[in-house]
Structures are given as C-alpha cells and as structure tokens.
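>>> quick one: sequence and predicted model below, then my questions.
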Amino acid sequence: MQIQEPIGTLFSFDNSFARCLQSFYVSSKAAASPAPKLIQFNHNLAEELGLEPSMFTPKVGSDIFSGNIIPEGAEPLAQVYAGHQFGGFNPQLGDGRALLLGEVIDTLGLRRDIQLKGSGQTPFSRSGDGKATLGPVLREYLIAESMHALGIPTTRALAAVTTGEEVNRERPLPGAILTRVAASHIRIGTFQFFAARDDTDKVRQIADYSIARHYPAATNVDNPYLCFFKSVTESQAALIARWMSVGFIHGVMNTDNMTVSGETIDYGPCAFMDTYSAQTVFSSIDTHGRYAYANQPSILSWNLARLAETLIPLVNSDKGIAIGLLTDAVQDVRRVYETHWLNAMRLKIGLRTKNPSDLDLINDLLSLMEDSHTDFTLVFRHLSKFLLGDNSTVLQQFGLSASFDDWLQRWQNRLKLEEGRPETHALAMDRINPIYTPRNHKVEEALSAAVNHNDMKPFSRLLEVLSHPFDEVEGQEEYSIPGPQLNAPYQTFCGT
Ligand code: AMP
Ligand code: MG
C-alpha cells in the first residue's frame, strides 16, 4: 500500500449545492486513474480562485485533478438534469462523466464550482464509460481560455491531467480529465428535469437557489420568478450576441448545455468561423444545421421558451395569467438579443453612439462580407487599418467592388458623427476586434501534436497567443490567418 503524504488544505470549500439541494444530485466518486500526470495548470486562474499555486506540485496536481485523492472539504457529486437534445426531449440526463468537487469563493467574492470532467462513471452515465480523451479535454481548455481572453462569459479551465489509461473510441486514445470552473453548473435542463415530473416544489427550490446565487436583485420584486426569467434572458442574449460578434459557433445548444448564469459551457464540436457564411455548421452530427451560426439567436429564444415552460406554476397561481406573462417575456427575447447584438456590432466598426442608420450599415457590411467570402475575424482589423491610411488589406479582402467602395464612404460619413479622430476609432476597434482567435487548423495542429506525439509545445504556444487576442505581435502571423482551403469543409466531432 502506498502511504500518502499529508496534503495541506488546498481549497476552502463551501458546498452550497450539496448542502441545499439534496434531491438534485447523487454523491459519487471518481474512477481510479492508473498513472495520472498533470499536463496543464492555470496559475492565474488558481490565484483568482484564492488557491496557493505553489501547493499544486506535479504530484499533488496529478492526484487531485485526476480524482485519485479527494481534497479536504470536497463532496463529489453528479448533478441530475434533463434536456432537449436537437429538439427532442430527454427526461433523464445528468453528469454522466463529471463530478462537482465543491464550490470556492474566489478573490472577488464570487462563488465558483470546481468540477472534474472525464472522471469516470456515475449513476447518470447510461451506456457511456464516463471518460474523456485528451483531444477534447485540450480543445475545451484552449477554447474556454480563449473565450475568457476575448472577454466572453465562459467556464474556465483550471487543470488538465492524462490518466495513464487508454480509452476506447474509434481507436484507443489517451484518457484525460479537465478541471472546469464555472459560476455554476445549473442548466435550463436542471429545471426541465423536475418540471417534467410535475415537481413544482423542486422547480421552485432550484429557482430560489439560482436567484440567490446569480440574480439576487430578483429576490425582492413583485414577481421574482418572472424577474428571474428576464434576468436569464438578459445574460444569455448578451452571451449569444458576443458569440455572434466573434464568429463563434457552439455546435450543441441543447437545453442541457445552456447555463442560467449565462456562461458558455460544454465546449464540444464548437469552432470559430474563418470565411464568413451565415449558414456555417461545423459539427458532424448537426446534419440539419439546427445550430448553424445564423440560427443561434433563434435557438436562444427556443431554449428560453423551454425554461419559461418550467416556470409557469411559479409565475402565477392562475395558469392563464402565468402563460400570458411568460409568453410576452419569451416574445421579447429577440428584441433583447438584437439590442445586445447591435451594440456589439456597432463597437466592431468603431461606433460608440447610436444612429438609426447603423443597423443597415452593419447588415450591408455582412452581406458584402458574405458575397466576397471574406475572413470574419480579419475584416474588422483591416477596417481599422483603413482608418489609419492603409487600404491594401481591406481591398484585398473585398476586391475591386463599387458596392464596397460605397459602403466605405457611408461608414466614413457615419464616423464623422462620432467624437474623436479616425486614429482614435481605429484604436478602439482593435481593442475589441481580436487579431488572434483559435484558428481551426492551429487547434487541430496543437491537439494532434499532444495526442499523437506527446508534444505539448504547440498547445502551450497557441494558448499563450490566444491569451492576448487583441495585441498584434510581430512573428505571430501564422496564428492570425486562416488555414489552407481544404477540399472538404472543416468538421468537428462531439467531445466524449
Ligand atoms: P454532451 O452532449 O457532451 O453535453 O453530453 C450529453 C449527455 O451525455 C450528458 O448527460 C453527459 O454527461 C453524457 N455523456 C457524454 N459523454 C459521456 C461518456 N463518455 N460517458 C457517460 N456519459 C456521457
Ligand atoms: Mg453537456
């Protein structure tokens, strides 16, 4: 028997979910990892969480983040939820390959979940093995951290370990576990699980908990549950608007993958668009394009309608009145989204004030981008270069086009209504339009080196570049340009 060195207190856990919501989870434990190895640790995030990074030595990190040792104060549990997957309702889902270790209060006073993903079977695994493989774990790590650096609400990646075990997929692959940090893991599907069982008390319980944790302002108002719904709408609409503004396609916007906190969660077949085309789909299983780029706002409304349904008995004791109130709120989702979207897009072209002509200006730019097959990310950087007197790159993207010339003229006229000089607008644009996004070929290159050649260098380098997405650095051109045009469109696969 191996004698374990005592480990000091690593986390100051305060597990409100375990304490308050007994019927919402099953206690469970991680499968043993034969030879865990810490391959990635997020120093900055650890500090933000109030942890002491130096305590996470390779040995301690491997033991803790593989789940081989349960840290003091943790109460590992698998949460239950349901969900609409590609439009079809599944009444019984849950953490089939994840364990919530517990919650910590971070240095800003925010409560954060610490979760292992890929830690083995739980009572909710159905036919799955509860495991994750290295490629998808590193993909989630990279994209989550990139989204964070872009300023988009997201779960974070604290650590990645390989388990020393081979996991059977299309071929045997190295097993791995991601340690994920989230504002919470409460999903629309968490509400649906109890609503589908007509358990109104439980729906009220999770709504009260969610209000206390995420939307305390909804506590002392006339109708807290309606206010809760509108607050979730605000957060999720703001989130999807941000996705749209950077060309991010989530790929599986099932209701079990949408948090009530409004953080992006469950990075599976997601990817960033290179060439702009509104109907872009990357996921191999999204055969009908349900979660295509341009459909994301409609799916936002559809998903929120599913949340609204669960809240009917809470919003008013008269069902008709409740349905009326919630229907109005659901019908308002599109407007809320469009307000966020228009604001985000305005900033992308240097506009800080509002003008009735802005919507047409932005939509016309997007049409021109689609017609000219421009790169979604680079166009906005090239537009700022244009303001600085360099029109070569933007003209390269659009070619010689009278309609684009006309658009440039309209845009410059519109900018004259803003305060400040063109240089100021260009600078402001470069602070919100990234130069470095996770380019698909670069992500694949980094994952392939790690999985097939045990080489983490390309991953580390890419992670580093993506942590400064707005600062153009000489010598990093390969990270800012799209990959070679392939014969077949880029495809992503579900990360199981
Ligand atoms: P996802 O589509 O990745 O969000 O997962 C949908 C559901 O399938 C969730 O309940 C997951 O916990 C479960 N699941 C996904 N992969 C596995 C796996 N390898 N083993 C067990 N459950 C899984
Ligand atoms: Mg999921």
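Sure thing, it's come through. Residues are numbered from 1 along each chain as shown. Ligands and ions are numbered 1, 2, ... in the order given.

>>> switch to C-alpha atoms for all contacts and neighbour counts from now on
Will do.

>>> leaving out sequence neighbours, find the closest residue to residue 428.
Leaving aside its sequence neighbours, residue 428 sits nearest to residue 350 (C-alpha to C-alpha, 6 or more residues apart in numbering; 6.5 Å).

>>> how's this structure carved up into domains?
16-186, 351-430 (automatic domain parsing).

>>> quick one, which of these is nearest to ligand 1?
domain 16-186 (3.3 Å; C-alpha to the nearest ligand atom).

>>> ok, back up a step: need the pLDDT of the residue nearest to residue 428.
At residue 350, the model reports a pLDDT of 98.

>>> what does residue 251 give?
pLDDT, read off for residue 251, is 97.

>>> quick check: closest non-adjacent residue to it.
Using C-alpha to C-alpha, 6+ apart, the nearest residue to residue 251 is residue 270, at 5.0 Å.

>>> could the domains of the chain be laid out in JSON lines, adding mean neighbour count and distance to residue 214?
Formatted as JSON lines, the domains of the chain follow (neighbours: other C-alpha atoms under 10 Å; distance: least, C-alpha to C-alpha, whole Å):
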{"stretch": "domain 16-186", "mean neighbour count": "20", "distance to residue 214": "8"}
{"stretch": "domain 351-430", "mean neighbour count": "16", "distance to residue 214": "29"}
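
>>> can you list the strands that whatever helix or strand residue 174 lives in pairs with?
According to DSSP states H and E, residue 174 maps onto strand 172-182. Take DSSP bridges as the rule and strand 172-182 pairs in its sheet with strand 111-117 (antiparallel), strand 132-133 (antiparallel), strand 156-168 (antiparallel).

>>> can I get those in JSON lines with distance to residue 83?
Formatted as JSON lines, the strands paired with strand 172-182 follow (distance: least, C-alpha to C-alpha, whole Å):
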{"stretch": "strand 111-117", "distance to residue 83": "19"}
{"stretch": "strand 132-133", "distance to residue 83": "21"}
{"stretch": "strand 156-168", "distance to residue 83": "23"}
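
>>> adding distance to residue 198 and mean pLDDT, write those strands out as TSV.
Shown next, in TSV, are the strands paired with strand 172-182 (distance: least, C-alpha to C-alpha, whole Å; pLDDT from 0 to 100):
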stretch	distance to residue 198	mean pLDDT
strand 111-117	28	98
strand 132-133	34	98
strand 156-168	34	98
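
>>> I'd like these as a markdown table, with distance to ligand 1 appended.
Below are the strands paired with strand 172-182 laid out as a markdown table (distance: least, C-alpha to the nearest ligand atom, whole Å):
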| stretch | distance to ligand 1 |
| --- | --- |
| strand 111-117 | 9 |
| strand 132-133 | 6 |
| strand 156-168 | 10 |
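
>>> next, count neighbours for the closest residue to ligand 1 within the stretch 301-450 of the chain.
Nearest residue of the stretch 301-450 of the chain to ligand 1: residue 303, at 14.7 Å (C-alpha to the nearest ligand atom). Residue 303 sits with 22 neighbouring residues when counted by other C-alpha atoms under 10 Å.

>>> so what's it up against?
Contacts for residue 303 were tallied using C-alpha atoms under 8 Å, 6 or more residues apart in numbering; they are 188, 254, 255.

>>> again, only this time at 7 Å
Counting by C-alpha atoms under 7 Å, 6 or more residues apart in numbering, residue 303 touches residue 255.

>>> ditto for the one 3 residues further on
Applying C-alpha under 7 Å, 6+ apart, we find residue 306 in contact with no residue.

>>> same deal with residue 94?
79, 80, 81, 82, 124.

>>> any idea what it is bridged to?
Bridge pairing for residue 94 - DSSP bridges - gives residue 80.

>>> what's the pLDDT at it?
98.

>>> can you give me the helices in the stretch 1-150 of the chain?
Secondary structure of the stretch 1-150 of the chain (DSSP state H, counting those that start in this stretch): helices at 16-20, 43-48, 58-65, 134-149.

>>> let's have these in CSV, adding distance to residue 101 and mean pLDDT.
Conversion of the helices of the stretch 1-150 of the chain to CSV gives the following (distance: least, C-alpha to C-alpha, whole Å; pLDDT from 0 to 100):
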stretch, distance to residue 101, mean pLDDT
helix 16-20, 10, 98
helix 43-48, 15, 98
helix 58-65, 10, 98
helix 134-149, 18, 98
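
>>> check whether stretch 14-33 comes near ligand 1.
No - contact of stretch 14-33 with ligand 1 (C-alpha under 6 Å from any ligand atom) is absent, the minimum separation being 12.2 Å.

>>> got the CA positions of that stretch in CSV?
C-alpha atoms of stretch 14-33 as CSV (Å, rounded to 0.1, in the frame of the first residue of the first chain):
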residue,chain,number,x,y,z
ASP,A,14,-18.2,25.9,0.9
ASN,A,15,-20.6,23.5,-0.8
SER,A,16,-24.0,25.2,-1.0
PHE,A,17,-25.3,22.9,-3.8
ALA,A,18,-24.5,19.7,-1.8
ARG,A,19,-26.0,21.4,1.3
CYS,A,20,-29.2,22.9,-0.1
LEU,A,21,-30.2,20.7,-3.0
GLN,A,22,-30.1,17.1,-1.8
SER,A,23,-32.5,15.8,-4.4
PHE,A,24,-30.6,17.4,-7.3
TYR,A,25,-27.6,15.1,-7.3
VAL,A,26,-26.1,11.7,-6.3
SER,A,27,-22.9,11.5,-4.4
SER,A,28,-20.3,9.7,-6.4
LYS,A,29,-16.6,9.2,-6.7
ALA,A,30,-14.0,9.3,-9.4
ALA,A,31,-12.7,6.2,-11.1
ALA,A,32,-9.1,5.4,-10.2
SER,A,33,-6.6,6.7,-12.7
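
>>> looking at this, the residue of the stretch 301-450 of the chain closest to ligand 1 is in a helix?
Yes - checked against DSSP: H, G, I helix; E, B strand; the rest coil, residue 303 lies within a helix.

>>> please renumber so the chain begins at 14
Sure, I'll start counting at 14 from here, so that last one is residue 316.

>>> hang on, the earlier thing: ok, the residue nearest to residue 264 to residue 251 distance?
18 Å (C-alpha to C-alpha, to the nearest Å).

>>> buried set for the helix or strand residue 205 falls within?
Using DSSP H and E, residue 205 sits in helix 201-208. Using 16 or more other C-alpha atoms under 10 Å as the test for burial, helix 201-208 gives 201, 202, 203, 204, 205, 206, 207, 208.

>>> what's the closest of those to residue 476?
Nearest to residue 476 out of the buried residues of helix 201-208 is residue 201 (C-alpha to C-alpha; 30.6 Å).

>>> which residues does the residue nearest to residue 441 contact?
Going by C-alpha under 7 Å, 6+ apart, the list of residues near residue 363 reads 438, 439, 441, 442.

>>> and for residue 67?
Residue 67 sits next to no residue when contact means C-alpha under 7 Å, 6+ apart.

>>> moving C-terminal of the helix or strand hosting residue 460, what's the next helix or strand?
Using DSSP H and E, residue 460 sits in helix 453-466. Sequence-wise, the next helix or strand downstream of helix 453-466 (DSSP H and E) is helix 470-479.

>>> for residue 296, which of the domains of the chain is the nearest?
domain 29-199 (12.2 Å).

>>> quick one, grab the pLDDT at the residue at minimal distance from the centre of the chain.
Centroid-nearest residue in the chain, with C-alpha atoms, centre = their mean: residue 277, separated by 2.5 Å. On pLDDT, residue 277 comes in at 98.

>>> check the one 10 residues further on too.
pLDDT, residue 287: 96.

>>> how far away is it from ligand 1?
Separation of residue 287 from ligand 1 (C-alpha to the nearest ligand atom, to the nearest Å): 24 Å.
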